[in-house]
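Participant: need coordinates for the following:
(4 chains)
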There are 4 protein chains.
Amino acid sequence: MSIRIFVTGGTFDKEYNELSGQLFFKDSHLPEMLDLGRCLVPVDIRTLMMIDSLDMTDMDRELIVRHCQEVDATQIIITHGTDTMALTAQLLAERIKDKTIVLTGAMIPYKFGSSDGLFNLGSAMAFVQTLPPGVYVAMNGRYFHANNVRKNKESGVFEELR
Amino acid sequence: MSIRIFVTGGTFDKEYNELSGQLFFKDSHLPEMLDLGRCLVPVDIRTLMMIDSLDMTDMDRELIVRHCQEVDATQIIITHGTDTMALTAQLLAERIKDKTIVLTGAMIPYKFGSSDGLFNLGSAMAFVQTLPPGVYVAMNGRYFHANNVRKNKESGVFEELR
Amino acid sequence: MSIRIFVTGGTFDKEYNELSGQLFFKDSHLPEMLDLGRCLVPVDIRTLMMIDSLDMTDMDRELIVRHCQEVDATQIIITHGTDTMALTAQLLAERIKDKTIVLTGAMIPYKFGSSDGLFNLGSAMAFVQTLPPGVYVAMNGRYFHANNVRKNKESGVFEELR
Amino acid sequence: MSIRIFVTGGTFDKEYNELSGQLFFKDSHLPEMLDLGRCLVPVDIRTLMMIDSLDMTDMDRELIVRHCQEVDATQIIITHGTDTMALTAQLLAERIKDKTIVLTGAMIPYKFGSSDGLFNLGSAMAFVQTLPPGVYVAMNGRYFHANNVRKNKESGVFEELR
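Facilitator: Below is the predicted model:
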């Protein structure tokens, strides 16, 4: 069965609007990134929203949970802004027990030459195939259990709570 | 304990010599790639050789096996040219049973903008942390058991033997 | 005599702040860009300010004029945000008659893989060596006289007034 | 009238063949490079050959001369391997007096992230619009008269003969 990828936006997919000089969201770069990585794992990509995770509401999170519940796939990757990634992971962990769900993202937009996005996507793709059912955050080459992770706002890196 | 990374060369690390117009090996790009991926997994990188895997001799493979046997680390990544990656994996699988060893590489040099290297390295980093002891090839987002993999010379992709 | 390059900021030099998710200015990328272009023309780079050209005040423009007047160099490149580049060019043209001054910039930050910056810098470097004294805007492979150029806000491209 | 661009190959256009691990020529990257530079100068691109300039024969050079003679355009850019660029420039200078012809190239293939190609193309585009009739080599931000240039084989840079 294919791995399902749900796109929610985040730094991963930010682009530069050359008229306004602002960052914005257009289309997801996931298909392009998987092509670049020459990924041959069957995947099915769906964009649920294209937002900064600081703007994500409770309703948005409900929508993500429902999609994860209803999809047939038992291996799910969610691309997500890093600022509230841990929060979404915790909600998913409370509600879904029988699937392997991996949230990942990037510190630097993919379209910037220096993005960590491709590395993170590669690791998320591997973790989702090998970890037992549960909800995880995959960043910086590591994986964290949804109930034991936070983003350190000062250093920008993910770390265990305890 | 740190993950050990053994560098053996391969397409990953090929560079362009602007005076001769030929591809050649200088230093490994692994540290730079891990920085780009903002990898926070403790790793210890050792360069064993810097060669095209078509030039790899039996003696070179013996050297790789011995290093894998003697190192304390139980999680090992080997960067390797793709042409004979399956061969080295098979030799390692015969001789080493109690460690998780993941071989990975790239179809396009890292220094080319369009390389699959960062994606593969991200997946190798994840597989080595999660797969049980054994020897694996990690390419195209997938992992293969050492005894059930070959590179399809025509398509350039790795596939199961059966 | 060296070509003088005055850096004033603009899209050229915008970077992504990974903690705040905002674009900001740190150091100029000019030295890095000239290295990448393997530029062997003697240049002397001075940063006058690092701002978005929408934030440029009359006093900032006075400062740029004075630096152009007082420097010994007779060939000057100014990197500048595109939004008010034409305005600064016109002021310079009124006040300085005996030097070749070329303003250039970028629509996409250099640090984005898809920047037009390196192309524009290459053309500015050539125009400043070959055009007669006067003030010019160099964008899109073209050059414009300071008194006959504006940025079309809708299309984002520079065009003649008449 | 449009600027004519004649493509002859050279490092500019080398690509990596991922099956053979060798560099090779496929299509020219010129259109893509001009798009990236957002070039708005009208150009007309013709590929005459796609070869390493070390493999360029007298007959190939005759072909280039004839195309430059017969085309209506009076401003011509030729992309060319650097190894024999000076030689082709000298032949053109003997035979064509009434057009501005600028030869340019790259030390690193465009497809490598670290290419000087876009900078050189930007400068060639500017030089061809501003220099008087004659034949020139544009590299490293500089221009050289066809009769006073050679590539220093040791340093890889172009320099005056005297």
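Participant: what sits against A:Leu87?
Facilitator: When contacts are counted by C-beta atoms under 8 Å, 6 or more residues apart in numbering or on different chains, A:Leu87 is found next to A:Arg61. The way it works is simple: take the backbone N, C-alpha and C, and place the C-beta from them, glycine included.
Participant: how far away is it from chain C?
Facilitator: A:Leu87 sits 16 Å away from chain C, going by C-beta to the nearest C-beta, to the nearest Å.
Participant: can you check A:Leu48 too?
Facilitator: From A:Leu48 over to chain C (counting by C-beta to the nearest C-beta), the distance is 20 Å.
Participant: quick one: is whatever helix or strand A:Ala126 lives in near chain D?
Facilitator: Per DSSP states H and E: A:Ala126 is located in helix A:117-130. No. Using C-beta under 8 Å from any C-beta of the partner chain, helix A:117-130 stays clear of chain D, with a minimum separation of 13.4 Å.
Participant: I'd say A:Ser2 and A:Ile45 touch.
Facilitator: No. Contact criterion C-beta atoms under 8 Å: A:Ser2 and A:Ile45 do not qualify, at 9.6 Å.
Participant: which ones are touching whatever residue of chain A ends up closest to chain D?
Facilitator: Using C-beta to the nearest C-beta, the closest approach of chain A to chain D is made by A:Gly113 at 7.0 Å. With contact set as C-beta under 8 Å, 6+ apart, A:Gly113 has these partners: B:113, C:111-113, D:113.
Participant: how far away is the residue sitting furthest away from the middle of chain A from D:Leu40?
Facilitator: The C-alpha centroid of chain A is most remote from A:Leu19, which lies 28.4 Å away (C-alpha atoms, centre = their mean). Separation of A:Leu19 from D:Leu40 (C-beta to C-beta, to the nearest Å): 16 Å.
Participant: now do A:Phe119
Facilitator: 37 Å.
Participant: these two: which is more packed in?
Facilitator: A:Phe119 (29 against 14; other C-beta atoms under 10 Å in any protein chain shown).
Participant: how many residues are close by the nearest residue to the more buried one once chain neighbours are set aside?
Facilitator: Distances taken as C-beta to C-beta, 6 or more residues apart in numbering or on different chains put B:Gly37 closest to A:Phe119, at 2.9 Å, once the chain neighbours are dropped. Residues lying near B:Gly37 (other C-beta under 10 Å) number 26.
Participant: surely B:Gly37 touches B:Leu118?
Facilitator: Yes. With contact defined as C-beta under 8 Å, B:Gly37 reaches B:Leu118; the gap is 6.3 Å.
Participant: please enumerate the shared neighbours of these two.
Facilitator: With C-beta under 8 Å, 6+ apart as the test, B:Gly37 and B:Leu118 both reach A:118-119.
Participant: pLDDT at the residue farthest from the centre of chain A, what is it?
Facilitator: We note a pLDDT of 86 for A:Leu19 in this prediction.
Participant: what of the one 10 residues further on?
Facilitator: Predicted confidence (pLDDT) for A:His29: 93.
Participant: do A:Phe12 as well
Facilitator: So, for A:Phe12, pLDDT stands at 86.
Participant: can you classify it as helix, strand or coil?
Facilitator: State at A:Phe12, reduced to three classes by DSSP: H, G, I helix; E, B strand; the rest coil: helix.
Participant: grab the nearest non-local neighbour of it.
Facilitator: Counting by C-beta to C-beta, 6+ apart, the residue nearest A:Phe12 is A:Ala106, at 4.6 Å.
Participant: neighbours of that neighbour, just the number please.
Facilitator: 29.
Participant: list the residues that contact it.
Facilitator: Neighbouring residues of A:Ala106 by C-beta under 8 Å, 6+ apart: A:10-12, A:82, A:115-117, A:120.
Participant: nearest to D:Arg142 among those?
Facilitator: Among the contacts of A:Ala106, A:Ser115 lies closest to D:Arg142 (C-beta to C-beta), at 34.3 Å.
Participant: hmm, who's touching the longest strand seen in chain A?
Facilitator: For chain A, the strand that runs over the most residues, judged by DSSP state E, is strand A:43-51. Contacts to strand A:43-51, defined as C-beta under 8 Å, 6+ apart, come from residues A:2-9, A:13, A:25-26, A:28, A:30-31, A:34, A:56, A:60, A:63-64, A:67, A:73, A:77, A:81.
Participant: filter the residues you listed down to the ones in strands?
Facilitator: Among the contacts of strand A:43-51, the members falling in strands (DSSP E) are A:3-9, A:25, A:77.
Participant: okay, helices next: where are they in chain A?
Facilitator: A:30-36, A:58-70, A:85-95, A:117-130 (DSSP state H).
Participant: hmm, the first one touching chain D?
Facilitator: Put plainly, it is helix A:30-36. No. Helix A:30-36 is not in contact with chain D by C-beta under 8 Å from any C-beta; minimum separation 12.7 Å.
Participant: okay, buried residues for that helix please.
Facilitator: Using 16 or more other C-beta atoms under 10 Å in any protein chain shown as the test for burial, helix A:30-36 gives A:30, A:33-34, A:36.
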